[in-house]
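Asker: below are the sequence and a predicted model; questions follow.
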Amino acid sequence: MSDSHFDTVAIVGIGLIGSSLARAVARGKLVGRIVIADRDVAALAEAERLGLGQAYESDVADAVKDADLVVLCVPVGAMEAIGKAMAPTLKPGAIVSDVGSVKASVLKALSATLPAHAHIIPGHPVAGTEKSGPGAGFASLFDGRWCILTPPEGGDAAAVAKLKGFWAAIGAEVEMMDAAHHDLVLAITSHVPHLIAYNIVGTASDLETVTDSEVIKYSAGGFRDFTRIAASDPTMWRDVFLNNKEAVLEMLGRFTEDLTALQRAIRWGDGDALFELFTRTREIRRRIIDAGQDSAAPDFGRPHEE
Ligand SMILES: NC(=O)C1=CN([C@@H]2O[C@H](COP(=O)(O)OP(=O)(O)OC[C@H]3O[C@@H](n4cnc5c(N)ncnc54)[C@H](O)[C@@H]3O)[C@@H](O)[C@H]2O)C=CC1
Ligand SMILES: O=C(O)C(=O)Cc1ccc(O)cc1
């Protein structure tokens, strides 16, 4: 039996990420048994129809009682309530992890609610799409993608190594990071870009002088890319912004200053300033492609070859 093997894994939340995890784990025959939990009975029924696990529970306390590993695949705002609900039945020594897009608030919510015997190791596979639900997942989602683990200081080294082995066996590249640093990095690489997409699509749809049908009919490449991102799950992204408030506001402040500088350059006809920025940003794109992180698939976060 390999080091990364768990007898029973409970996946709580069987949406895009939970169902991709269930499929990837089954593909690699990485665990003995997968128990699936979701509070949405329709999602649970679809998971069962798709054969994603061996047991299906609407009660999280029942779902986790035999689990050696619990992975919470729910919006980050739901973590505290789930921690509370599963605390009484969690097996001593079980590893509790998650896939949430924000890490410091999840670490805090789980530390406040779970018993001291639990090994809490938050995680974030940096891979996804704008879709949701059990039908949207696929087994190869995490192949060659980064998975960032943010264990607390003084966390159990053997448990961390085991979870690292699990994600590596799934096919991800694993990186360790401090939770607060994770939240700062992801604020600029993922959270603010989503906010910009939501905002520009909202602005376009609020225009009085240009109709929604004209926006749809004449949408050029750039706007179309924004509409894909702006179709992402509202609950998930509401929770991301409410739970990574400080880092997002810090990055938005910088973004706004830079946008004002661009506004000024356009107003005063400063072509050199525009040209200099566009040359620099083209270079960033070139480096992403050189690092093998281009997105042929509509997501990001592909690790480069070392
Ligand atoms: N969508 C993406 O591209 C990515 C999402 N993530 C993170 O993964 C997590 C899950 O996201 P998705 O799979 O996209 O969402 P999803 O909307 O597809 O699935 C979430 C599932 O959680 C269930 N759920 C919500 N609250 C619950 C509760 N209290 N108890 C039990 N089940 C509950 C919902 O019924 C739903 O089935 C989020 O924290 C998100 O930040 C991480 C990487 C990528
Ligand atoms: O669909 C896209 O472009 C994404 O950006 C997917 C995504 C969303 C949230 C994450 O925490 C990680 C990846």
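Answerer: Perfect, thanks for sending it. Residues are numbered from 1 along each chain as shown. Ligands and ions are numbered 1, 2, ... in the order given.
Asker: state which helix of the protein is the longest.
Answerer: In the chain, assigned by DSSP state H, the helix with the most residues is helix 245-267.
Asker: give me the residues contacting that one.
Answerer: Helix 245-267 is contacted from outside by 183-184, 186-188, 191-192, 195-196, 241, 270-271, 273-274, 277, using CB atoms under 8 Å, 6 or more residues apart in numbering. In this view, the C-beta of every residue, glycine as well, is placed from N, C-alpha and C.
Asker: please apply the same query to stretch 38-55.
Answerer: By CB under 8 Å, 6+ apart, the surrounding residues in contact with stretch 38-55 are 11-15, 18-19, 22-23, 26, 33-37, 56-58, 60, 63, 133-135.
Asker: now it: mean pLDDT?
Answerer: Averaged across stretch 38-55, the pLDDT comes to 98.
Asker: end to end, how far does it reach?
Answerer: End-to-end distance of stretch 38-55 (CA to CA, to the nearest Å): 12 Å.
Asker: list the contacts of Ser105.
Answerer: Ser105 neighbours (CB under 8 Å, 6+ apart): Val76, Met79, Asn243, Asn244.
Asker: mind doing that once more with 7 Å?
Answerer: Val76, Asn243 (CB atoms under 7 Å, 6 or more residues apart in numbering).
Asker: buried members of the contacts of stretch 38-55 into ChimeraX, please.
Answerer: Restricted to buried positions by 16 or more other CB atoms under 10 Å, the ChimeraX selection for the contacts of stretch 38-55 reads:
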select :11,12,13,14,15,18,19,22,23,26,34,35,36,37,56,57,60,63,133,134
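Asker: follow-up on the earlier one: could you dump the longest helix of the chain to CSV, C-alpha only?
Answerer: What follows is helix 245-267, C-alpha atoms only, in CSV (Å, rounded to 0.1, in the frame of the first residue of the first chain):
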residue,chain,number,x,y,z
LYS,A,245,-11.3,41.1,1.7
GLU,A,246,-8.0,42.7,2.7
ALA,A,247,-5.8,41.2,0.0
VAL,A,248,-8.4,42.0,-2.7
LEU,A,249,-8.8,45.6,-1.5
GLU,A,250,-5.0,46.0,-1.5
MET,A,251,-4.7,44.7,-5.1
LEU,A,252,-7.7,46.7,-6.2
GLY,A,253,-6.2,49.9,-4.8
ARG,A,254,-3.1,49.3,-6.9
PHE,A,255,-5.2,48.4,-10.0
THR,A,256,-7.2,51.6,-9.6
GLU,A,257,-4.1,53.8,-9.4
ASP,A,258,-2.7,52.1,-12.6
LEU,A,259,-6.0,52.5,-14.4
THR,A,260,-6.1,56.2,-13.5
ALA,A,261,-2.6,56.6,-15.0
LEU,A,262,-3.8,54.9,-18.2
GLN,A,263,-6.8,57.2,-18.3
ARG,A,264,-4.5,60.2,-18.0
ALA,A,265,-2.2,58.9,-20.8
ILE,A,266,-5.1,58.6,-23.1
ARG,A,267,-6.5,62.0,-22.2
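Asker: and it, does that touch ligand 2?
Answerer: No - Helix 245-267 lies apart from ligand 2 when judged by CB under 6 Å from any ligand atom; the minimum separation is 13.1 Å.
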